[in-house]
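Enquirer: A predicted structure for the sequence below; I have some questions about it.
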Amino acid sequence: MSQDYRRKPTVLAVLNQKGGAGKTTIATNIAHSFVKDHKKTLLVDSDPQGSARDWNELNDSSIVPVVGLDRETIAKDLEAIWTGYDIVVIDGAPQIEKMSIAAVKIADFILIPVQPSPYDIWACADLVDIIRARQDVTEGKPKAAFVISRLIRNTKLSQEVHMALEEYKLPILKSTTSQRVIYPTSASEGKTVFCEEESNPAAQEIISIRDEIMEMIYGA
Ligand SMILES: Nc1ncnc2c1ncn2[C@@H]1O[C@H](COP(=O)(O)OP(=O)(O)OP(=O)(O)O)[C@@H](O)[C@H]1O
Ligand SMILES: [Mg+2]
């Protein structure tokens with residue numbers, strides 16, 4: 001896959017205008033999971049807060065290259081540097097609608113992390129409208145799906161969240177991230193859940209999210 005340098009990389013944008021939805025957590029971890037899968041991966045920090053860049057500084061750029069592209073020219077800026085990469089993961093910015101519109105235009109797949117709370121579910125409406133508007137003029141591209149973030153196991157919430165999200169008529173991944181301390185503790189050291197044994201449950205849930213997305217992009 002890394003051989004064909006003329007080919008455009010697959011662009012996965014992790015977006016949600018709601019702050020704290022789990023975008024950076026999923027973007028950094030999933031980017032590392034692609035590296036582990038021998039994909040040449042670039043992580044784009046589109047958030048002026050620079051969280052992914054701060055994380056990258058803590059690990060001395062040793063996990064995945066991170067570049068900050070936090071202007072509305074992100075599509076043009078990214079095209080200028082993406083040659084040779086298999087996968088580009090964009091960590092989305094909260095609140096900046098113009099950044100979301102720009103990222104939706106360049107992405108092959110939009111992953112929308114959403115926490116299991118009504119406020120978080122309601123807050124997705126604008127992003128879903130942006131994605132739909134794009135899909136309407138591009139024969140359904142980019143594909144998009146919700147992923148439930150910080151799920152607390154063994155609660156009835158999961159079922160209720162599914163029912164509420166179904167109103168948006170976008171797919172909901174079967175895989176989720178659960179509420180686990182390894183996510184913030186690994187991030188605070190500039191690491192990911194893959195810095196522990198890969199059999200740990202958090203790493204397994206990230207792999208599961210990655211594989212489900214790749215199946216949706218490339219599967220039958
Ligand atoms: N699965 C999880 N389990 C426990 N904590 C989590 C999980 N996912 C995210 N968090 C924590 O929740 C907080 C918000 O997550 P994160 O920074 O990834 O969200 P974000 O959408 O990138 O936020 P922002 O909109 O500010 O960029 C962080 O402190 C993060 O460590
Ligand atoms: Mg973030």
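Expert: All right, it came through fine. The structure presented is a predicted model; accordingly, all values stated were derived computationally and were not measured. Ligands and ions are numbered 1, 2, ... in the order given.
Enquirer: spell out which parts of the chain neighbour ligand 1.
Expert: Contact residues, the chain versus ligand 1 (C-beta under 6 Å from any ligand atom): 19-25, 47, 51, 94, 149-150, 177-180, 183-184, 187. All C-beta spots, glycine's among them, are computed from the backbone N, C-alpha and C.
Enquirer: one more time with 8 Å, if that's ok
Expert: Residues of the chain lying close to ligand 1 by C-beta under 8 Å from any ligand atom are 16, 18-28, 47, 49, 51, 91-95, 113, 149-151, 177-184, 187-188, 202.
Enquirer: of those residues, list those near ligand 2.
Expert: 23-24, 51 (C-beta under 5 Å from the ion).
Enquirer: among those, which lie within helices?
Expert: 23-24, 51 (DSSP state H).
Enquirer: ok, those residues vs residue 219, which is closest?
Expert: Checking these against residue 219 with C-beta to C-beta, the nearest one is residue 23 at 24.3 Å.
Enquirer: what is the least confident helix or strand in this structure?
Expert: Least confident helix or strand, the chain: helix 157-166 with a mean of 85, by mean pLDDT, DSSP states H and E.
Enquirer: now it: buried residues?
Expert: Judged by neighbour count using 16 or more other C-beta atoms under 10 Å, the buried positions of helix 157-166 are 161, 164-165.
Enquirer: now do stretch 123-143
Expert: Within stretch 123-143, judged by 16+ other C-beta under 10 Å, the buried ones are 123-124, 127-128, 130-131, 134-135, 142-143.
Enquirer: neighbours around the residue in the chain positioned nearest to ligand 2, how many?
Expert: Going by C-beta to the ion, ligand 2 is nearest to residue 24 of the chain, at 3.3 Å. Neighbour count of residue 24, defined by other C-beta atoms under 10 Å: 23.
Enquirer: contacts only, for it.
Expert: By C-beta atoms under 8 Å, 6 or more residues apart in numbering, the residues touching residue 24 are 47, 51-52, 55, 91, 187.
Enquirer: who's in contact with the closest residue to residue 152 other than its chain neighbours?
Expert: In space, residue 152 comes closest to residue 179 once its chain neighbours are excluded; the distance is 5.1 Å by C-beta to C-beta, 6 or more residues apart in numbering. Going by C-beta under 8 Å, 6+ apart, residue 179 touches 150-152.
Enquirer: and with 10 Å instead?
Expert: 115-116, 149-153 (C-beta atoms under 10 Å, 6 or more residues apart in numbering).
Enquirer: among the buried residues of stretch 123-143, which are in strands?
Expert: By the criterion of DSSP state E, membership of those in strands covers residue 143.
Enquirer: so what's residue 183 closest to, chain neighbours aside?
Expert: In space, and not counting its chain neighbours, residue 183 is closest to residue 25: 5.2 Å by C-beta to C-beta, 6+ apart.
Enquirer: now the closest residue to residue 90 other than its chain neighbours: which helix or strand?
Expert: Nearest residue to residue 90 in three dimensions, chain neighbours excluded: residue 13, at 4.1 Å (C-beta to C-beta, 6+ apart). For residue 13, the element it lies in under DSSP states H and E is strand 10-14.
Enquirer: name every strand pairing with that strand and say which way it goes.
Expert: strand 87-91 (parallel), strand 109-114 (parallel) (DSSP bridges).
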